[in-house]
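Visitor: pasting the sequence and the predicted model now:
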Amino acid sequence: MIATLALQSIGIPAGTFLGILIGLGMRRRSGKTDGLIGGSLLLTALVAAAVAWVIAIIVNYFIGASA
């Protein structure tokens, strides 16, 4: 059941990862590295995507609709 919920909501973390990668990538090029986890753009995007995925799974579980 958890695997099904995770697969139903895979688009949310994928979009979050790409959005963070693009947004913070442009910000990092301008010299502002505030808010990056460990100074790493990829690590920050990965953590944000993981958090978004967990939240999407929880919402899908309680609401019962695919996000």
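Guide: Ah, there it is. Numbers count the residues shown, from 1 in each chain.

Visitor: quick one: contacts for Leu5?
Guide: Taking CB atoms under 8 Å, 6 or more residues apart in numbering, we find Leu5 in contact with 57, 60-61. Every residue, glycine included, has its C-beta placed from N, CA and C.

Visitor: any idea which element it lies in?
Guide: helix 2-8 (DSSP states H and E).

Visitor: please point out which parts of the longest helix belonging to the chain sit buried.
Guide: Longest helix in the chain, counting residues (DSSP state H): helix 41-63. Neighbour counts using 16 or more other CB atoms under 10 Å place 41, 44-46, 48-49, 52-53, 56-57, 59-60 of helix 41-63 among the buried residues.

Visitor: so who does the closest residue in space to Ile10 that isn't next to it in sequence touch?
Guide: Excluding the flanking residues, the one nearest Ile10 by CB to CB, 6 or more residues apart in numbering is Trp53, at 7.7 Å. Contacts for Trp53 (CB under 8 Å, 6+ apart) come out as 6, 9-10, 12-13.

Visitor: OK, contacts around the most centrally placed residue in the chain?
Guide: The centre of the chain sits closest to Ala49, judged by CA atoms, centre = their mean, with a distance of 1.7 Å. Contact analysis of Ala49 by CB under 8 Å, 6+ apart lists 13-14, 16-17, 20.
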